[in-house]
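Novice: Prediction below, plus the sequence it came from.
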Amino acid sequence: MVLFDYFDDALSLAIEGGFQKNESYDLEYKSAQGGFPKEFWKSYSAFANTNAGLIVLGIKEIKGALVIEGLSDDQTEAYKKQFWDECNNPNKVSINLLDNNDVRIAEYQGKKLLVFRIPFAGRTQRPVYLTKNPFGNTFKRNHEGDYCCTDDEVKRMLADSSTVLKRDSLILEHYSIKDLDQATIVKYRQLLSVARPSHPWNALNDEELLTKLGGFRKDRQLRIEGITLAGLLMFGKEDSIREQEEILPNFFPEFREKLSQDKSIRWTDRIYPDGTWEPNLLQFYLRVWPKLSSSLPKPFKLDNDQRVDETPAHVALREAFVNTLVHTDYSLNGNIIVEQDADQFVFSNPGTLLVSVFQYYSGGVSECRNPGLQRMFMMIGRAEKAGSGVDKIMAGWDSAHWRRPFIDPRNNPDRVILFMPLFSVIPDNILNELSARFGSVADLSPDELTVLYYCLVEGVVTNQRLQFTLNLHKVDITGLLKKLCERGFLESDSNGRWTLYTLKGDSDLDTSDSNLDTSDSNLDTSGSNLDTSGPNLDTSDADSENATDGFKKLKRNDLEKVIMQICKVGHVSIEQIAKSIGKSERYLKNEIIPGMVKKNMLEKLFPHTSNHPNQAYKTTDECNEEL
């Protein structure tokens, strides 16, 4: 978090929209009228252990509304002194992370506020806890506020804080090379000789090669030697892996392919430890990677008369896959899951980020939980050098003009999920629709067009959502959103938990939408007066106006019947449905259609996403029979 780089007007932007108009994941308001708030230190610990944040004294929140109370000069000086005294007291908090530049006095609406920037603690500094006992006194942040970490969460942070993090260098006593699958080692040697044909390691015997890779290690001090955790994970036999129940409590790498539109088909393909192969990481990679890579286009390209089969998108996808394998916390319950849908790839693994989300997106900073595994994949050309992997992921997806990958760290249980959408950033049909709506959009910047695209596809956007998409600071995003509002492209609604931005006019709902007539209706739903030709539905303005005369006030049940009649023959977009019945697209998208999908009245054309630009709906076979 670098908010203080923008300090001249950043706090006012934060309060007015950059951080939303109430507390959020990275912003905490505290009154401080009755003294330095006792709850301050819980938020200090939570921000330091999660992903940084701001604590603002002098503002309180009452039912979603901010009350700017302000502080006197005497209060600000007294609170600053108390903060520094307590922050440097090990009986109060485990570590002081702040310097003078992280504590500022700000003015807003003529009142003084005291603002603290709490950075994300480094790996070796975590956990940050209160008193001298980390257990029961360590906190993390979620969207509901600060919560006390469980003992297991604290233990994992303590384990990750080791000066030299080498989780996978653990020597497994009583294990030998016999616990490794010889066929997997042979395959690795083949890959190494192709990737590095003149490398001297090709001439080593198996034990020597494993030692160089970090799969076999000697501890002279303890006088023990043997296979390491990295060696077992990369090359191990299934039975040997399963015997490590305490170290690998739930080792179960899994690939799920979901490409069918048929709801009765759960997966079109699935790769998991089923007893037909040795489920070590190399074998899992070699089975899954061809499935993933084959779904990406491979345009014909020559380099020195050699065909190049990989694009930057392939490099990005492979890096995301390998990152999942080498950054997993294998001591946790929960398995590695790789999913391939028609519209995205999803990589999910147990563990936490060892860097902040900001550092993750910035790239160049590498903290690897399993460096032995990382080295093994790097030697065969399947991973990038430390610190460059995320850059490759982002650049590769940008090269294909797909929406930017975004990471979602989750707590309880700890899990890191990377989403890699396969939607074009701004498809031609979206540009055409924006141009039809607003006139020429040629003078808009790429970032401005991206914001309008997200608004059109997802219905609404927030500053926080755009932080995962635009390479901009949240304060700059606030300025961009305000500019688009001033130019008539967007409008904001700050009544919710986050300030919401919609395309201009989308919020102008027909009052009948939210006040449906609850009187009895004798609506004829036989469809005799309705064109239900599915995707070819006539939605011209004149016909739409005539068609919607009878739909202005309907009970919800009757409205649902009309929509099912419209979608009876084929998939129909929300835009077509809206024009046919005189309701707003936003109302249908947010209030009606999701409920109908949930009740199995409608089925999606793209079932695994709610925001596909070409999403459409069809009446289910079950409901078709009832109509």
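Specialist: Happy to help now that I have it.
Novice: Quick check, pLDDT for the closest residue to residue 254 other than its chain neighbours.
Specialist: Leaving aside its chain neighbours, residue 254 sits nearest to residue 272 (4.4 Å; criterion: Cβ to Cβ, 6 or more residues apart in numbering). To be clear about C-beta, it is placed using only N, CA and C from the backbone, and glycine gets the same treatment. The per-residue pLDDT reported for residue 272 equals 96.
Novice: Residue 324 versus residue 272, what's the distance?
Specialist: Counting by Cβ to Cβ, to the nearest Å, the gap from residue 272 to residue 324 is 15 Å.
Novice: quick one, which of those two is more surrounded?
Specialist: residue 324 (21 against 15; other Cβ atoms under 10 Å).
Novice: which helices and strands sit right next to the helix or strand hosting that one?
Specialist: Per DSSP states H and E: residue 324 is located in helix 312-327. Here helix 312-327 touches helix 281-294, strand 344-350, helix 371-379, helix 389-399, strand 415-421, going by 3 or more Cβ pairs under 8 Å, 6 or more residues apart in numbering; DSSP states H and E.
Novice: List the first helix or strand encountered after it toward the C-terminus.
Specialist: Next along the chain after helix 312-327, taking DSSP H and E as the criterion, comes strand 337-341.
Novice: which residues are in contact with that next one?
Specialist: 253-259, 288, 291-292, 295, 321, 324, 345-349, 608-609 (Cβ atoms under 8 Å, 6 or more residues apart in numbering).
Novice: hmm, 6 Å instead?
Specialist: For strand 337-341, the external contacting residues (Cβ atoms under 6 Å, 6 or more residues apart in numbering) are 254, 255, 256, 257, 258, 346, 347, 348, 608.
Novice: Select from those residues the one having the most neighbours.
Specialist: Result: residue 347 is most packed of those (other Cβ under 10 Å), 24 neighbours.
Novice: re the thing from before, what's the least confident stretch among the helices and strands packed on helix 312-327?
Specialist: Here the lowest mean pLDDT among those goes to helix 389-399, at a mean of 86.
Novice: quick one: buried residues of it?
Specialist: For helix 389-399, the neighbour count (16 or more other Cβ atoms under 10 Å) marks 389, 390, 391, 392, 393, 394, 396, 397, 398 as buried.
Novice: Summarise which helices and strands it is packed against.
Specialist: helix 312-327 (3 or more Cβ pairs under 6 Å, 6 or more residues apart in numbering; DSSP states H and E).
Novice: and the helix it packs on, which residues are buried?
Specialist: Buried residues in helix 312-327, counted by 16+ other Cβ under 10 Å: 313-327.
Novice: and residue 265, how many neighbours does it have?
Specialist: 10.
Novice: how far away is it from residue 472?
Specialist: 41 Å.
Novice: low pLDDT regions in the stretch 1-150 of the chain?
Specialist: Scanning the stretch 1-150 of the chain for pLDDT under 70 picks out the ranges 1-25, 64, 143-144.
Novice: Now the residue nearest to residue 379 when sequence neighbours are not counted: which helix or strand?
Specialist: Distances taken as Cβ to Cβ, 6+ apart put residue 192 closest to residue 379, at 6.0 Å, once the chain neighbours are dropped. Using DSSP H and E, residue 192 sits in helix 182-195.
Novice: what's the span of stretch 570-584, first residue to last?
Specialist: Distance between the two ends of stretch 570-584: 21 Å, counting by Cα to Cα, to the nearest Å.
Novice: Now do the strands in the stretch 1-150 of the chain.
Specialist: 27-30, 53-57, 59-62, 65-68, 103-108, 111-118, 139-142, 145-148 (DSSP state E, counting those that start in this stretch).
Novice: coming back round to it: wait, the residue nearest to residue 379 touches residue 378, no?
Specialist: No. Residue 192 is beyond contact range of residue 378, at 10.9 Å (criterion: Cβ atoms under 6 Å).
Novice: show me where pLDDT drops low in the stretch 451-600 of the chain?
Specialist: Applying pLDDT under 70 to the stretch 451-600 of the chain flags residues 468-469, 471, 494-498, 506-553, 569.
Novice: Recalculate using a threshold of 50.
Specialist: 495-497, 508-549 (pLDDT under 50).
Novice: circling back: of the strands of the stretch 1-150 of the chain, which approaches residue 335 most closely?
Specialist: Of all the strands of the stretch 1-150 of the chain, strand 139-142 sits nearest to residue 335, with 22.9 Å by Cβ to Cβ.
Novice: Please point out which parts of the closest one sit buried.
Specialist: For strand 139-142, by 16+ other Cβ under 10 Å, it's 139, 140, 141.
Novice: contact partners of stretch 196-206?
Specialist: 185, 193, 209, 212.
Novice: Taking those, tell me the two that lie furthest apart.
Specialist: 193 and 212 (14.5 Å).
Novice: any idea of the mean pLDDT for whichever strand or helix holds residue 226?
Specialist: Per DSSP H and E, residue 226 falls inside strand 224-227. In this model, strand 224-227 carries a mean pLDDT of 92.
Novice: partners of it, with directions?
Specialist: Partner strands and pairing direction for strand 224-227 (DSSP bridges) are strand 216-219 (antiparallel).
Novice: Looking at the partner strand now, give me its mean pLDDT.
Specialist: On average, strand 216-219 scores 92.
Novice: Tell me how far that strand lies from the chain's centre.
Specialist: 38 Å (Cα atoms, centre = their mean, to the nearest Å).
Novice: re earlier: specify the angle between the helix holding residue 192 and helix 371-379 in degrees.
Specialist: Interaxial angle of helix 182-195 relative to helix 371-379 (axes from the mean of the first three to the mean of the last three Cα atoms, to 10 degrees): 50 degrees.
Novice: relative to helix 281-294, how tilted is helix 182-195?
Specialist: Computed by the same axes, to 10 degrees, the angle between helix 182-195 and helix 281-294 is 50 degrees.
Novice: tell me which residues of the next helix or strand after helix 182-195 are tucked away?
Specialist: Beyond helix 182-195 on the C-terminal side, the first helix or strand identified by DSSP H and E is helix 206-213. Neighbour-count burial for helix 206-213 flags 206, 209, 210, 211, 213 (criterion: 16+ other Cβ under 10 Å).
Novice: Could you single out the nearest of the buried residues of helix 312-327 to residue 123?
Specialist: Of all the buried residues of helix 312-327, residue 327 has the smallest distance to residue 123: 12.6 Å, by Cβ to Cβ.
Novice: nearest residue to the closest one other than its sequence neighbours?
Specialist: For residue 327, the spatially nearest residue (Cβ to Cβ, 6+ apart) is residue 369, at 5.6 Å.
Novice: isn't the one you found right next to residue 166, touching?
Specialist: No. Residue 369 lies out of contact with residue 166 (Cβ under 6 Å); the separation is 8.9 Å.
Novice: More neighbours: those two, which one.
Specialist: residue 369 (22 against 17).
Novice: Endpoints of stretch 129-141, how far apart?
Specialist: Its start and end residues considered, stretch 129-141 measures 13 Å (Cα to Cα).
Novice: List of residues touching it?
Specialist: Outside stretch 129-141, the residues that touch it by Cβ under 6 Å, 6+ apart are 41-42, 45-47, 49-50, 93-94, 127, 146, 148-149, 151, 154, 411.
Novice: filter those residues to the buried ones?
Specialist: 41-42, 45-47, 49-50, 93-94, 127, 146, 149, 154.
Novice: Arrange the residues you listed in JSON lines, one row each, with distance to residue 478 as further columns.
Specialist: Output for the buried ones among the contacts of stretch 129-141, formatted as JSON lines (distance: Cβ to Cβ, whole Å):
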{"residue": "41", "distance to residue 478": "29"}
{"residue": "42", "distance to residue 478": "28"}
{"residue": "45", "distance to residue 478": "28"}
{"residue": "46", "distance to residue 478": "24"}
{"residue": "47", "distance to residue 478": "20"}
{"residue": "49", "distance to residue 478": "27"}
{"residue": "50", "distance to residue 478": "22"}
{"residue": "93", "distance to residue 478": "31"}
{"residue": "94", "distance to residue 478": "34"}
{"residue": "127", "distance to residue 478": "32"}
{"residue": "146", "distance to residue 478": "25"}
{"residue": "149", "distance to residue 478": "32"}
{"residue": "154", "distance to residue 478": "36"}
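Novice: Having no further points to raise, I will conclude here.
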